[in-house]
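Asker: no sequence on hand, only this structure:
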């Protein structure tokens with residue numbers, strides 16, 4: 001039986017923010033911010049419009065903000081990282097996890113919300129996203 005990887009910490013791998021995936025992550029978050037700004041500017045006082053924006057974008061923004069926080073924490077705390085930190089960094093920066101998990105969780109959440117909870121897909125979609133994260137982490141950890 002394989003042992004669990006060590007906690008993120010110092011090591012031999014250089015982590016940096018000067019990566020296309022990091023800039024794409026920032027661009028996506030700025031795009032959401034721009035859409036929200038335009039919504040407020042062009043339709044002031046339209047609370048339902050803002051609620052609709054957050055209904056549609058909340059999951060995406062939560063994933064992107066969590067990814068940004070993880071990458072920033074890894075780079076700031078351990079710019080010379082171990083394999084665990086490198087694998088976590090790559091899961092976010094390479095973007096494959098976002099590509100699959102965001103649509104899965106968005107659909108699961110939407111189905112549950114629109115069915116008023118009678119079709120419970122939110123937690124299973126989050127579990128699927130978590131399993132995908134762990135699978136990608138294991139892949140990146142083994143190739144590091």
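Answerer: Everything's here; your move. All figures in this text were calculated on a predicted structure; none of them were measured in a lab. Numbers count the residues shown, from 1 in each chain.
Asker: please count neighbours and contacts with C-alpha atoms only from this point.
Answerer: Noted.
Asker: and the most centrally placed residue in the chain, which of the three is it?
Answerer: Compute the mean C-alpha point of the chain, and by CA atoms, centre = their mean the closest residue is residue 63, 3.1 Å away. At residue 63, secondary structure determined by DSSP: H, G, I helix; E, B strand; the rest coil is helix.
Asker: for residue 68, the count of nearby residues, please.
Answerer: The number of residues packed near residue 68 is 19, by other CA atoms under 10 Å.
Asker: how about it, nearest residue that isn't a chain neighbour?
Answerer: Once flanking residues are discounted, residue 68 sits nearest to residue 25: 7.2 Å by CA to CA, 6 or more residues apart in numbering.
Asker: which strand or helix spans that neighbour?
Answerer: Per DSSP states H and E, residue 25 falls inside helix 20-42.
Asker: still on that earlier bit, so the residue nearest to the centre of the chain sits right up against residue 100, yeah?
Answerer: No: checked against CA atoms under 8 Å, the pair residue 63 and residue 100 is beyond contact range at 11.5 Å.
Asker: would you mind listing the buried residues in the strand ranked longest in the chain?
Answerer: When the chain is parsed with DSSP state E, its longest strand is strand 10-14. Buried residues in strand 10-14, counted by 16 or more other CA atoms under 10 Å: residue 10.
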